[in-house]
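Colleague: 3D model of this:
(chains A and B)
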Amino acid sequence: MATEQQTGTGGGDDEQPLGLTVASGAVAAAVVVPLLWLVRTALDVGFAEAVALVTRPATVEVFLNSAVLVTLVTAACIGLGVPLAYLTVRTDLPFRRFWTVVVSLPLVIPSYIGAFAFVSAFGPQGAFQRLLAPLGIESLPEIYGLPGAVLVLTLYTYPYVFITTRAALKSMDTTLIDAARTLNHSRWEAFKRVTVPQIRPAVAAGSLLAALYVLSDFGTPAIMRFDAFTRVIYVEFGTFGRDTATLLSLQLVAVTLLILTLESKIRGDERTTTGGRSGAPMPLGRWKYPALGFAALVATVGLLVPLGILFTWLAQGVAATSGSLAFQPEYALNSVLVAAATAGAATLAGLPVAYLAARHPSRLSSVFERATYVGYAVPGVVLGLALVFFGSSYATPIYQTLYLLVFAYVIRFLPQAIGSLRASFLRVDPALPEAARTLGETPSGAFRHVTLPLVAPGLFGGAALVFLTTMKELPATLLLRPSGFSTLVTHIWTAYEQGYFGQAVVPAFILLFVSGLSMLVIITQEGYDVK
Amino acid sequence: MSNSTLSTTDRSNRAKATDSETDDADAGGVLELDGVSKSYGTESVIDDLSLSVEEGEILTLLGPSGCGKTTTLRLIAGLDRPDGGEVRLNGNVVSGGDTFRAPEERGVGVVFQEFALFPHLTAAENIGFGLKDRSEAERDERVADLLDLVGLETQGDSYPDELSGGQQQRVALARSLAPEPAILLLDEPFSNLDVDLRVQMREEVRRILKEAGVTAVSVTHDQEEAMSISDRVAVMNDGDLEQVGEPEQVFQHPESRFVAGFLGYAGFLPGRIAGDAVETELGTVGRDQIHGLAPEYDDTDIDILVRPDDVSAHPCDGGGDGHGKVVGKRYLGPTILYEVELHGGDTLLCMHNHDETVPTDGCVEVTLDAGHELAWFPREQRPESGRYSD
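Modeller: Got it, this is the predicted structure:
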């Protein structure tokens, strides 16, 4: 309880520390500048030509494809996520804890691995086709294209909606529903008029996360051969359609920003209660088994199919392929190497930005902080492209080296480090370093002996998160890796391109493990103990 | 109300009350603030504040939220830099002009409002934190002494989150005392404790400070707390010092209406000086009962400060319409405060035991029966907004 106004912000004086501000500004500039080169490249195209490129039917079709994909997947995510959240929070569904975990788990599977598994299972000559062939079934419905992309992306993004909705339902005061019932509303009417408005912001937030993911996802449309923005950008770039790739990238960024703006608008409108009591769960009655079936179906399709496929590959053995494609332990080592370098660099770069934002909040510090978040807003394929342009024209010494690749990763995942660090800094009472000062410590001594030990869990947590997500990154890796440099991810990609699915099994399992680990980090970070 | 509008009588009062102190301070106060000012942005928090604290005394800055008392503390500690004026510790300028000594170079101990114990260190490690220049043996000994002083001999290995609020405060106190600071600053030291514990810890903290013989400046908005732990109280309002003095002195002879109203309940009874008496609505009050009434105020209007225990209300007996009527009633547990509106429109608070009942309808008579001299203020200073009370 600060009783006087100025003690709130802490950190001593209200003036901005110069060194820190400069460091923070430098990091923000380093993040933003490469992307500006994308704009520059686009300007080279020339206005008339640009208009022609953007309005030609092929480009319009890409835009429509992406829009349809995002809309369908988002709708499907709500259709799966909200009922599952309701079932696991507010009803007497048997084994609710079990289903909560199982239904969240698809988040652990990188969508390109999921897409990969589905193609290999349901594609022509796939596992299921062969299984069903003796029964006289000649062909399965086409998996490639829109249906496959929607299916796979829904299965691996609905947990966003599930998780945010669940949180809203859990924190909702159920006496509100009791109140509605005493005011002559049926259960369904009460749900519509009370519950829905209460959880709407959370559903919207989750849906927008899902929409952003879909829009920026590269692996799934590529594997499903569906011409969404990301796939076309990559293909155009590979076939020297540099101008088209650039303009499409900018278009994609614009759509992303639109969605982000929508999100912050919706968030601002929140008017909900939290921390309420939760009453007895709703009895499902005769709907119990259909509900169980629904949860089980989602879990089976989302988890068991890809895992089943991976295990089948494992059982078939890796031996059946040519030597050049065989998995080398070196790939894993390479992945670990770049991921570790990225984690270290992102943490170092994040420190001044996060510290400034947490301890000396001002317009400038928040501009710097926001600027570092562009990595989140910009799809990986666009970032990769921007850095290819930037590197090949202005940073030739590091072009096609690991430095540029690590730089790309840092831009992309810096927000994870900063978010975690900033939260940790905010959790440190500003009176603590001040207390250290009055006990004889210099400013840097107070930082080292008091602040740093207290933020260490957040620092390592953020670094771990960056490390783990870097391991999974696909599009920027493909665009920027030095020739001859292979990682787990590029190995999976090679296996896909060459059609030797089985070759992907070892790296796929490693990546699943890594993803699981990063989920664990996020969960444990939520409630970490300072001691 | 600013000091310049004080009446000459009040001036002489003030001189009488603070003369000796100012002299002593000049002879070598541990801490001296000289015309210190500080603003945040365009908002001036402290303007031209001067204060002197003597060796070994406990002084409390008392004032409402936002009066600048915590800012003053931070300026003394060096956690904030003043915009003007000088701060001297043991005669050395620590801030003023181009000089600004960092907190770590001042030898100032601070007990923070929420204690600010390092959560990653044990109680003993917290206490030893400021003793880095000493050998390990010396440090251990000092820590043990301090744990002993604050009565936590067995809790040295506990982490802050394993300690109760009172214990955390003892550790915070011990930690700030460990490096033997020239002066100890306490920022709302009891606000973070439960009410029951608060009273107990006040006594305890005063004992520890006196035993350690340390000079201390504390800050609070709680007048009861200020009265009970301090040797002297400095009442602050809106960035200015209103009055500095011993608790009894400040309570009985407030130099401003603000101080009168901030320390305890206050009512103001209008009166007119007529020779040896003061005519009031409640009858005549002897001139000798009013504190320091100078001759130049003859035949002028004044307000007499009336505390609830100075007056009592009784139902009118028979004829007459008494002095006023009861317009409010506040239960304070053992006592009841009756709010009486006089016919003249002013309101007085009358304190009664809980077993005495004053009818709340019909007229009442009010008797003034104080066993001490009463303070007063010239009428022309009366603020438009009416009376003060907390």
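
Colleague: residue ranges of the helices in the stretch 101-250 of chain A, please?
Modeller: Listed in chain order, the helices of the stretch 101-250 of chain A (DSSP state H, counting those that start in this stretch) span A:111-122, A:127-132, A:146-171, A:175-182, A:187-190, A:196-216, A:219-223, A:229-238, A:242-268.

Colleague: Which residues are in contact with the one residue in the stretch 101-250 of chain B that gets nearest to chain A?
Modeller: Residue nearest to chain A within the stretch 101-250 of chain B (CB to the nearest CB): residue B:130, separated by 3.2 Å. All C-beta spots, glycine's among them, are computed from the backbone N, C-alpha and C. Contacts here follow CB atoms under 8 Å, 6 or more residues apart in numbering or on different chains; on that basis residue B:130 touches A:438, A:439, A:440, B:175, B:176, B:178, B:179.

Colleague: is it true that residue A:402 touches residue A:340?
Modeller: No - with contacts counted by CB atoms under 8 Å, residue A:402 stays clear of residue A:340, the gap being 11.7 Å.

Colleague: what touches both of those two?
Modeller: In contact with both residue A:402 and residue A:340: no residue, using CB under 8 Å, 6+ apart.

Colleague: What helix or strand is residue B:234 located in?
Modeller: Using DSSP states H and E, residue B:234 sits within strand B:232-237.

Colleague: who touches that strand?
Modeller: B:21, B:51, B:57-64, B:67-69, B:72, B:226-227, B:241-247, B:250, B:258-259, B:262-263.

Colleague: now check the helix or strand that it is followed by, is it near chain A?
Modeller: The helix or strand immediately downstream of strand B:232-237 is strand B:240-245, counting by DSSP H and E. No - applying CB under 8 Å from any CB of the partner chain, one finds strand B:240-245 separated from chain A by no less than 15.4 Å.

Colleague: what inclination does strand B:240-245 have with respect to strand B:232-237?
Modeller: 160 degrees (axes from the mean of the first three to the mean of the last three CA atoms, to 10 degrees).

Colleague: strands paired with strand B:240-245, and their directions?
Modeller: In its sheet, strand B:240-245 lies beside strand B:232-237 (antiparallel), with partners assigned from DSSP bridges.

Colleague: from the middle of its chain, how far away would the strand it pairs with be?
Modeller: Distance of strand B:232-237 from the chain centroid (CA atoms, centre = their mean, to the nearest Å) equals 5 Å.

Colleague: what do you get for stretch A:42-50?
Modeller: For stretch A:42-50, the distance to the chain centre is 32 Å (CA atoms, centre = their mean).

Colleague: Flag every buried residue along it.
Modeller: A:42, A:45, A:50 (16 or more other CB atoms under 10 Å in any protein chain shown).

Colleague: For the second one, what are phi and psi?
Modeller: It refers to residue A:45. Main-chain torsions, residue A:45, degrees, to the nearest 10: phi -60, psi -40.

Colleague: That one - nearest residue in space that isn't next to it in sequence?
Modeller: Spatially, and ignoring its direct neighbours in sequence, residue A:45 is nearest to residue A:243 (4.8 Å; CB to CB, 6 or more residues apart in numbering or on different chains).

Colleague: again, but for the last one
Modeller: With CB to CB, 6+ apart as the criterion, residue A:50 has its nearest non-adjacent residue at 6.0 Å, and that residue is residue A:247.

Colleague: sorry, back to before: of the contacts of residue B:130, which is the nearest to residue B:210?
Modeller: Using CB to CB, residue B:176 comes nearest to residue B:210 of these, at 15.5 Å.

Colleague: Please report phi then psi for the residue lying closest to the closest one once chain neighbours are set aside.
Modeller: The spatially closest residue to residue B:176, leaving aside those adjacent along the chain, is residue B:109, at 3.4 Å (CB to CB, 6+ apart). With angles defined as degrees, to the nearest 10, residue B:109 sits at phi -100, psi 140.

Colleague: ditto for residue B:220
Modeller: Here residue B:220 shows phi and psi, under degrees, to the nearest 10, equal to phi -160, psi 160.

Colleague: Make sure the residue nearest to residue A:50 is actually in contact with residue A:54.
Modeller: Yes - Residue A:247 is within contact range of residue A:54, at 5.7 Å (criterion: CB under 8 Å).

Colleague: Comparing the two, which residue is more hemmed in?
Modeller: residue A:247 (23 against 16; other CB atoms under 10 Å in any protein chain shown).

Colleague: The more buried one: what's it in contact with?
Modeller: Residue A:247 neighbours (CB under 8 Å, 6+ apart): A:42, A:45, A:50, A:53, A:54, A:59.

Colleague: Columns neighbour count and distance to residue B:118 on top of the contacts of residue B:130, output as JSON lines?
Modeller: Below are these laid out as JSON lines (neighbours: other CB atoms under 10 Å in any protein chain shown; distance: CB to CB, whole Å):
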{"residue": "A:438", "neighbour count": "29", "distance to residue B:118": "13"}
{"residue": "A:439", "neighbour count": "29", "distance to residue B:118": "10"}
{"residue": "A:440", "neighbour count": "20", "distance to residue B:118": "14"}
{"residue": "B:175", "neighbour count": "32", "distance to residue B:118": "9"}
{"residue": "B:176", "neighbour count": "27", "distance to residue B:118": "13"}
{"residue": "B:178", "neighbour count": "23", "distance to residue B:118": "13"}
{"residue": "B:179", "neighbour count": "21", "distance to residue B:118": "15"}
